[in-house]
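S.K.: starting from these lines, generate the structure:
(4 chains)
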There are 4 protein chains.
Amino acid sequence: MTTTTTWDPTTLTSRYDAVRSHTERLASPLSPEDQTVQSMPDVSPTKWHRAHVTWFFETFVLSEHEPGFAPFQDQYWFLFNSYYEGIGPRYARPDRGLVTRPGAHEVGDYRGNVDERMRDLMTTLDEGTLDKLAATIELGFHHEQQHQELLLMDIKHVLSRNPLQPVYAGRPRASCEPDAMGWVDVEGGLVEVGHEGGGFSFDNELPRHRQWLEPYRLADRLVTNGEWLEFMRDGGYARPDLWLSDGWATVRAEDWDAPFYWTEHDGVWLEHTLHGTFPVNPGLPVSHVSFYEAEAYATWAGKRLPSEAEWEHAVVQDGQAGAEATAGNLADDESYHPSPAPDHDGKHRLRQVYGDCWEWTSSAYHPYPGFHPPEGAIGEYNGKFMSNQMVLRGGCALTPAGHARATYRNFFPHRSRWALSGVRLADGGVARDLT
Amino acid sequence: MTTTTTWDPTTLTSRYDAVRSHTERLASPLSPEDQTVQSMPDVSPTKWHRAHVTWFFETFVLSEHEPGFAPFQDQYWFLFNSYYEGIGPRYARPDRGLVTRPGAHEVGDYRGNVDERMRDLMTTLDEGTLDKLAATIELGFHHEQQHQELLLMDIKHVLSRNPLQPVYAGRPRASCEPDAMGWVDVEGGLVEVGHEGGGFSFDNELPRHRQWLEPYRLADRLVTNGEWLEFMRDGGYARPDLWLSDGWATVRAEDWDAPFYWTEHDGVWLEHTLHGTFPVNPGLPVSHVSFYEAEAYATWAGKRLPSEAEWEHAVVQDGQAGAEATAGNLADDESYHPSPAPDHDGKHRLRQVYGDCWEWTSSAYHPYPGFHPPEGAIGEYNGKFMSNQMVLRGGCALTPAGHARATYRNFFPHRSRWALSGVRLADGGVARDLT
Amino acid sequence: MTTTTTWDPTTLTSRYDAVRSHTERLASPLSPEDQTVQSMPDVSPTKWHRAHVTWFFETFVLSEHEPGFAPFQDQYWFLFNSYYEGIGPRYARPDRGLVTRPGAHEVGDYRGNVDERMRDLMTTLDEGTLDKLAATIELGFHHEQQHQELLLMDIKHVLSRNPLQPVYAGRPRASCEPDAMGWVDVEGGLVEVGHEGGGFSFDNELPRHRQWLEPYRLADRLVTNGEWLEFMRDGGYARPDLWLSDGWATVRAEDWDAPFYWTEHDGVWLEHTLHGTFPVNPGLPVSHVSFYEAEAYATWAGKRLPSEAEWEHAVVQDGQAGAEATAGNLADDESYHPSPAPDHDGKHRLRQVYGDCWEWTSSAYHPYPGFHPPEGAIGEYNGKFMSNQMVLRGGCALTPAGHARATYRNFFPHRSRWALSGVRLADGGVARDLT
Amino acid sequence: MTTTTTWDPTTLTSRYDAVRSHTERLASPLSPEDQTVQSMPDVSPTKWHRAHVTWFFETFVLSEHEPGFAPFQDQYWFLFNSYYEGIGPRYARPDRGLVTRPGAHEVGDYRGNVDERMRDLMTTLDEGTLDKLAATIELGFHHEQQHQELLLMDIKHVLSRNPLQPVYAGRPRASCEPDAMGWVDVEGGLVEVGHEGGGFSFDNELPRHRQWLEPYRLADRLVTNGEWLEFMRDGGYARPDLWLSDGWATVRAEDWDAPFYWTEHDGVWLEHTLHGTFPVNPGLPVSHVSFYEAEAYATWAGKRLPSEAEWEHAVVQDGQAGAEATAGNLADDESYHPSPAPDHDGKHRLRQVYGDCWEWTSSAYHPYPGFHPPEGAIGEYNGKFMSNQMVLRGGCALTPAGHARATYRNFFPHRSRWALSGVRLADGGVARDLT
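M.R.: Numbers count the residues shown, from 1 in each chain, chains lettered A, B, ... in the order given. Sure thing, here's the model as predicted:
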């Protein structure tokens, strides 16, 4: 990770409080039972998320800088380490749902304890040490925000498995009419991609480097549920010619015939959401589709998925580098961001960039040219996942405010569907990177 | 099931109360989180057990006899049906751990409601109807007792998966010296097996029928942990010649090298129990071994497993038909029943029959000659499991008082190890039934 | 306490299990929050009851007889001691609702631990020690049963204070028509009262002694809600002439105008019950009236309350000494026990003796002539409450099965109303004992 | 209340999220049982606080502006209304601890629901309506922050009543040496007090008005525990001459002999804190003293308490009008803010203004000249408390960041001690306002 931010103790502490509090708020409508279950290996229990992000601060900040450091509980170091091999053995991921103790409320104790100790540390460090430590603490903020998004995606899956159809929070949106899709023309050429400095980025957004792009165009909005229903009616899930070989094998093996959370009932397609189960809203962006499905849809539509460089360049050029103001909403997984009309000059602008669905790209998740992970355990943060995953860009309705930006590289395996992942079409240019 | 018991409302109600209360007591040291998790497909969550046995009474008693019957919650009929296809679709067994709601306390509400309605029904029925209904209610008692035992076996597994090593209850026993094993000689001949009438039995204990047994002898106690360690030291888990073919494949596939809950730590074998994790106690009966392991051990020892008929006949002849007084203890999974000395005439008697471990037999679980399941959904009770399972006899330390008897036929798949299953050796006679 | 019962380990353990389990069942529909609150000083929180009855066994049995005894938690000795000054300082009764920790589930841990240790003790004691100890253990059973009844009375009050009107369990009874009240004539003379031996009694039921009774008669059923409404309509709560002086002062100070759980809404009297709030059922016995109210009602009716000797003598003579079969029901606080018709000889018999309401008598709670409390802390059991309380006889719908008997002396202060206390009228004879 | 802030939807929503999340974080180490109890009438249960601040937004924002508004639960309007008579009948304050349902997790549901609806409203309102509504929403923020502070003060009291001495969070500070007390000289004259505009204030800080102050001086730090021990050793609690008449009566009636949370054990004074119970730290400011004690101490020290005008004028002149950066810490009730040395010109500056203890003043809580409460129910916010209370100024270690400011008027009854209230001495000038 990298940052050029200079932190003073007050701002750092205040930011710490805000990030940490937000996690607790997300968990608060969930019962101890809800917080315990792991409904599939990709999913982590809510209380595991709450504990793991706490473990991060205890391990990478307190253990190295707190005078007289002792862990809150020895066993927690083992239980709540997710993937940092450098730290020692790890508790197996698919077993996270077996850890009935500590309970939800004891995880609250753990959080409270680490919060107090972090605050003590942040307000008493000398300036020099703080400068060195701030980057790790800031990484902890962004790490916790990633888990806030995951917590919501995960509990959405947990609740989806319950025939009682429990609601996480809130109410669904009213139906809305989809806008016609327009195209944003991008010139391309020799462009720069990657984080430029000025603010935080993860290490995988670096180094900034040049790339050549042929002229291309991007859809000004995401593919809608209504359009996806057309794809389905046209036999989209039954035509091998539309699918990559691995994708078709997956469709067959897992009996896919619709997006992840869709079920058909009396001829009507219903969608499970955090607000309950409702008829599919045709005007909203389709979500919870895998890379395979996204790619097949694009083929069916005679288009393609954009590369991650195409996506990033277009968004930056469109003036949407900074995501602060447009990021998604708590638990609002069908948010619909009203579409601005085309500019008075008739040009289209990119809509639904950060707050609806993560957008599959045609780019495999590889290190940027010249990438070197940081030294030490924390260097494992992103580098170790750089195989067999595809890049997604943008952000989604569950992304915490302030967490999205144009250079952000999210990544999931080709078949993942439990994330809020959708499709923006590209055209022209040269399809690249397809894995 | 069958019974010749005649019930009056007061006794029936009192028995109902006792059985139902015992379940709640078993659950009371468990947190909501503990009660939610399913640590493997064989295991059911505690709150599922509590709800399912309640569903039994609601479905087979109230729904047919309560005036103006309406289910407590429509969805519970689906959620807590375990295997009665006759009742309608069922919620998939491996998904029981996904049902975070109803929570533990809401399951308590469900239980309280059904208890009140059952009590109303039992105290207001006319004598004729009560006579007809009592058999089903009594079946519900024994059904709930089966689940009490399973609840404890299951939570033992759940807690075993937690590195914090939480304790269910109580304390371990002090170490004890094993007694020398003696042999009980049985004459055999044309004997009768199966339930004789007078008291409750499940339908699979019927009909009583004759069987011819060659003279044989049974060990007067169970194989001990100490003896099992000898088997291990002699390469028991590494010698294919000792194992059935399927058994050896399982040893290899699942890397078995010791009983289920044993782990080696610094050269010492430890055993997970409901009381915590402790060094293996050599004097106690070995437990949590599969049929395959029991069979391999017997081969190694130059002996064999008894058939279920041999077991039953010997126990009845030994005067231990009635289990009331000797049944196992709540949560005491290392109970050790002090061994009576041989009778003054030097003859050995059977020890550890009901309260330590279920004992693997060499008999496959098949219907007795002339078996006919009852009509209706309740006829699914036992018959449908009669394939690919082996019979176990006796009872274990977790069996509720009054639930064990000489004709009781328990059954598990060959590879099952999470039950408290142990080994009693046989010799002489003719090995039969091996599947 | 006294008993002539001889216990064997199996029966003792089985009885222990049954009593202990019943408590857990009563608590199971209650949330951790429900179990924590003390809604007035007379009321104890559910989890306090569950812990206190456990403390009894730990203190009076384990601490004196368990090898290597150590308390489960040192602090629990202080927290869960109710009134045994001989044991040391006590936690103040009105503060029981302040003890948020241990939580409900930790109290379950405490219970599980003591249960295991008690079982170990009961099954390993030599016969001589068991004989001596059995009386204390049996006292523990009856002590726990008293608290089972209190637990229900108390949670009824807790839930009554919640505007959401939560239901404990079950459903109300259908309305029923009251039977006409008849009178049972009793000859009196020199009679014996007090426990005779043969089975358990509390020490306050001893010694059996003689008393002279003039001829009297007792109502064959309890006063009904419908009759109480007549009393109210006739200005019962507004006429000082009907009341004892202290009673009238209390009526004024506490604004009494109806039984404890009655509220008027749009001209209809509603009654809060464990099943919810419903219109007052005129055919059921009135309940939750204080001694003052009972006495005023009797005055208004031109009758009187029976003395405790009159009550006991009549019940025994009526053949209802043993209460086992007729005791009350779990959580059924409007149970209605169908009235037998008068015998064929036209004589009336006593109805509603044990399972509806505790019946106020005109007797102050004093020691019987010759009473001596046992030595030691356990001697505090009953003796210390022998002032400013009135005796109630019989049992109520919340009394556990097997806990009621003809010689049982319950007692509450004159103004108590949160217990299920009702009224049986007496006539003739000589009013005695009125305090 | 008043504000000159102009809010855009994004900032308003972001601020809403931050405030709401902080509340949930404060509650997260608390069990359902902890959150339920009301340990004295002044204290409210944690879950009541969480629900009540939610009720505020539902009542004053959603009910008036949400299309198709319906309350989340009808009964919640009654249960969680604290004092707004204009809204309808209220649930009695001392009964808040009786509301076992909704439980802690159901209150989380309520919060989640209102949050979603508030977010919908804030992001869809037209600019004009938002302008009008923003002031009420902002009042909701400050209202919730007040309750965050109360939540911590209250749970401190709840946990103090538990002999198990449970810890809320964190660890105590190391001991520290007190600095010598210096004096800050203030000229006085015709000064202005009250909120000036620019940012939020409560209505009771208005209108700004002029007041004449004689020259005076204020202590540059708070009175310490060590100094308070001297007062105690000098018989401070035993000398009527030091006390106001009502104060002395209270000392006698309530047996005061030390600050609220102090207890003597083996000759050592211990203090209960949110971190546990520890020996009193002599260098930290004394806290949890009533107005009566503060006043008696000042008399004993030959000094006096400042008036609220003196306090405010000195703080503003000292350049500490804005409290954002210096406000107190989560759950850190012994925070010690390191003392800056006197300026190089030898002048003392005010220390410990906002983040340690609320400071008793000699001013009764009265409306400022010209004060008019707002119209409508919300006008009840502050005005109705303007009798029999004394003003406190500053802030305390539990005050949320950003909530304190120089013109803020806190108020408590003269005898209140459960708040973090301490003492700053004044000298010279003219004692005013003493009530």
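S.K.: where does pLDDT dip in the stretch 251-400 of chain A?
M.R.: Applying pLDDT under 70 to the stretch 251-400 of chain A flags the ranges A:322-344, A:379-384.
S.K.: what about the strands in it?
M.R.: Counting by DSSP state E, counting those that start in this stretch, the stretch 251-400 of chain A has strands at residues A:262-265, A:268-273, A:276-279, A:358-364, A:390-394.
S.K.: what's the most buried one of those strands?
M.R.: With neighbours taken as mean count of other Cβ atoms under 10 Å in any protein chain shown, the strands of the stretch 251-400 of chain A reach their highest mean count in strand A:390-394, at a mean of 28. No exception for glycine: its C-beta is placed from N, CA and C like everyone else's.
S.K.: angle of it against strand A:358-364?
M.R.: Strand A:390-394 runs at 140 degrees relative to strand A:358-364, counting by axes from the mean of the first three to the mean of the last three Cα atoms, to 10 degrees.
S.K.: what strands line up against strand A:390-394, and which way round?
M.R.: When pairing is defined by DSSP bridges, strand A:390-394 lines up against strand A:358-364 (antiparallel), strand A:410-412 (antiparallel).
S.K.: send the alpha carbons of it over as PDB?
M.R.: In PDB, the C-alpha atoms belonging to strand A:390-394 read as follows (Å, rounded to 0.1, in the frame of the first residue of the first chain):
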ATOM      1  CA  MET A 390     -10.300 -11.700 -12.900                       C
ATOM      2  CA  VAL A 391     -10.200  -8.000 -12.200                       C
ATOM      3  CA  LEU A 392     -13.400  -6.100 -11.400                       C
ATOM      4  CA  ARG A 393     -13.600  -2.300 -11.400                       C
ATOM      5  CA  GLY A 394     -15.800   0.400  -9.900                       C
END
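S.K.: which other residues reach stretch A:220-236?
M.R.: The contact list for stretch A:220-236, computed with Cβ atoms under 8 Å, 6 or more residues apart in numbering or on different chains, reads A:178-179, A:181-184, A:242, A:257-259, A:269, A:271, A:280-286, A:289, A:296-297, A:300-301, A:339, A:348-352, A:356-357, A:359, A:422-425.
S.K.: could you point out which element follows whatever helix or strand A:Tyr16 lives in?
M.R.: Element membership of A:Tyr16 [criterion: DSSP states H and E] is helix A:9-27. Note on helix A:9-27: by DSSP H and E, the next helix or strand toward the C-terminus is helix A:46-57.
S.K.: how about the CA coordinates for that following helix, as CSV?
M.R.: Output of helix A:46-57 as CSV, limited to C-alpha atoms (Å, rounded to 0.1, in the frame of the first residue of the first chain):
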residue,chain,number,x,y,z
THR,A,46,-20.1,-11.8,10.6
LYS,A,47,-18.3,-12.2,13.9
TRP,A,48,-15.3,-13.6,12.1
HIS,A,49,-15.1,-10.4,10.1
ARG,A,50,-15.5,-8.3,13.2
ALA,A,51,-12.7,-10.2,14.9
HIS,A,52,-10.3,-10.5,11.9
VAL,A,53,-10.1,-6.8,11.1
THR,A,54,-9.4,-6.3,14.8
TRP,A,55,-6.7,-8.9,14.7
PHE,A,56,-5.1,-6.9,11.9
PHE,A,57,-4.6,-3.9,14.1
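S.K.: and it with helix A:9-27, angle?
M.R.: Taking the same axes, to 10 degrees, one finds helix A:46-57 and helix A:9-27 inclined to each other by 160 degrees.
S.K.: which strands and helices sit next to helix A:46-57?
M.R.: helix A:9-27, helix A:74-79, helix A:104-124, helix A:127-160 (3 or more Cβ pairs under 8 Å, 6 or more residues apart in numbering or on different chains; DSSP states H and E).
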